[in-house]
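Visitor: Dropping the sequence and predicted coords here.
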Amino acid sequence: MPCQSSDELKKLVKEARTVTKHGQVADYIPALGKVNAHDLSIAINYPDGRCISAGDIERKISLQSISKVISLALVLMDRNKEYVFERVGMEPTGDPFNSVAKLESMTPSKPLNPMINAGALAVTHMIKGNSVDERFQRLLTFIRELAGNDTIQYNKEIARSEFETAHLNRALCYFLKQHRIIDEDVEQLIDLYTKQCAIEMNCLDLSRIGVVFALDGGDPQTGKQIMPANIARICKTFMVTCGMYNASGEFAIKIGIPAKSGVSGGIMGAVPGKFGIGIFGPALDDKGNSIAGIKLLELLSKNYQLSMF
Ligand code: DON
């Protein structure tokens, strides 16, 4: 079923786009800088396959931190909950996503949650497989199933660009290795993590992943359980408590939708039982979240009473 362009969504996008001038495109990963800061698009995907949209929803974006919630789901399926949460915590942090501070100051030195970079690196480390290639292919296969699109790939230029500049993430890995949270070669883990972050899709794919989470892990087309409901529930809880990093509290109060952002300007939202949302707006606020994407979700949540609280 093709995605219907919606006049109502177009109006909200037009209003939300006015804030892009206060944001900035991420360029600490050089290849991410090559986008138009004023872009904004949205797709909403319903369980019955209906879809409405506004903006250029075919444009591809790399998942970046949105991938963290998906790798967490895979690792929870690969290992048991106890194993995973022995190595990464469940608590939100008030620090920026790439902060090293808590790893140094807390005993035992365990990343606070799987959504910050330290926790996400520990999670990616736990993906099962005999090589980086096999672990990456397993993640990619899972993502393709969630999106219902087996053509999804990763962007080699973005992966290389991040691999060459991921010095802070390497530092996080060395902390994790010193404290025995990870035991693999750091370059190998950074290789896998940067490929994971560079997996590319459009807003439509993103909204379809959102609807799977909204349906507690069920495939909207076939009804197949792609992930166990309790794992989808854990992921959605992290999306509420940590999905927007150190802006998650304000986001929960103003918007109240489980959502996960990435520095490419993507946001994946899952309105429980109702629909999935995929947004792309590359201008970011000072916390690393899409500035117009958050504005758009705020308008949507207010207009359609979407808050779960
Ligand atoms: O690790 C990084 O820096 C990026 N690959 C992902 C960070 C990210 O998306 C943070 N989100 N707002």
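Guide: Cool, the structure landed. Residues are numbered from 1 along each chain as shown.

Visitor: count of neighbours near the spatially closest residue to residue 46 that is not a sequence neighbour?
Guide: Of all residues not flanking residue 46 in the chain, residue 275 sits nearest, at 4.9 Å (Cβ to Cβ, 6 or more residues apart in numbering). In this view, the C-beta of every residue, glycine as well, is placed from N, C-alpha and C. Applying the criterion other Cβ atoms under 10 Å, we find 24 residues in the vicinity of residue 275.

Visitor: just the helices in the stretch 151-300 of the chain please.
Guide: For the stretch 151-300 of the chain, the helices defined by DSSP state H, counting those that start in this stretch occupy 156-165, 167-178, 186-197, 203-214, 229-242, 248-254, 291-304.

Visitor: how about those helices in TSV, adding mean neighbour count, mean pLDDT and distance to residue 127?
Guide: Listed next are the helices of the stretch 151-300 of the chain as TSV, based on neighbours: other Cβ atoms under 10 Å; pLDDT from 0 to 100; distance: least, Cβ to Cβ, whole Å:
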stretch	mean neighbour count	mean pLDDT	distance to residue 127
helix 156-165	18	97	16
helix 167-178	18	96	15
helix 186-197	22	98	7
helix 203-214	28	97	17
helix 229-242	20	97	14
helix 248-254	16	96	25
helix 291-304	21	98	28
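
Visitor: Quick one: closest of those helices to residue 143.
Guide: helix 203-214 (7.6 Å; Cβ to Cβ).

Visitor: list the helices and strands that closest one packs on?
Guide: When contacts are defined as 3 or more Cβ pairs under 8 Å, 6 or more residues apart in numbering; DSSP states H and E, helix 203-214 packs onto strand 41-45, strand 51-54, helix 132-147, helix 229-242, strand 266-271, strand 275-280.

Visitor: Name the nearest residue to residue 283, ignoring sequence neighbours.
Guide: Nearest to residue 283 is residue 23, by Cβ to Cβ, 6+ apart, at 3.1 Å.

Visitor: could you measure that neighbour against residue 263, distance?
Guide: 12 Å (Cβ to Cβ, to the nearest Å).

Visitor: overlap in contacts of those two?
Guide: residue 284 (Cβ atoms under 8 Å, 6 or more residues apart in numbering).

Visitor: I am assuming the residue nearest to residue 46 contacts residue 211, so please confirm or correct that.
Guide: Yes. Counting by Cβ atoms under 8 Å, residue 275 touches residue 211, with 5.9 Å between them.

Visitor: and the helix or strand bottoming out on mean pLDDT in the chain, C-alpha only, in PDB?
Guide: Least confident helix or strand, the chain: helix 101-105 with a mean of 84, by mean pLDDT, DSSP states H and E. The C-alpha trace of helix 101-105 is given here as PDB (Å, rounded to 0.1, in the frame of the first residue of the first chain):
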ATOM      1  CA  ALA A 101      32.500  10.800  33.300                       C
ATOM      2  CA  LYS A 102      30.300   8.100  35.000                       C
ATOM      3  CA  LEU A 103      32.500   5.200  33.900                       C
ATOM      4  CA  GLU A 104      35.300   6.800  35.800                       C
ATOM      5  CA  SER A 105      33.400   7.900  38.900                       C
END
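
Visitor: Let me know the pLDDT of the residue lying closest to residue 213 once chain neighbours are set aside.
Guide: Distances taken as Cβ to Cβ, 6+ apart place residue 270 nearest to residue 213, at 3.7 Å, with adjacent residues excluded. With respect to pLDDT, residue 270 has a value of 98.
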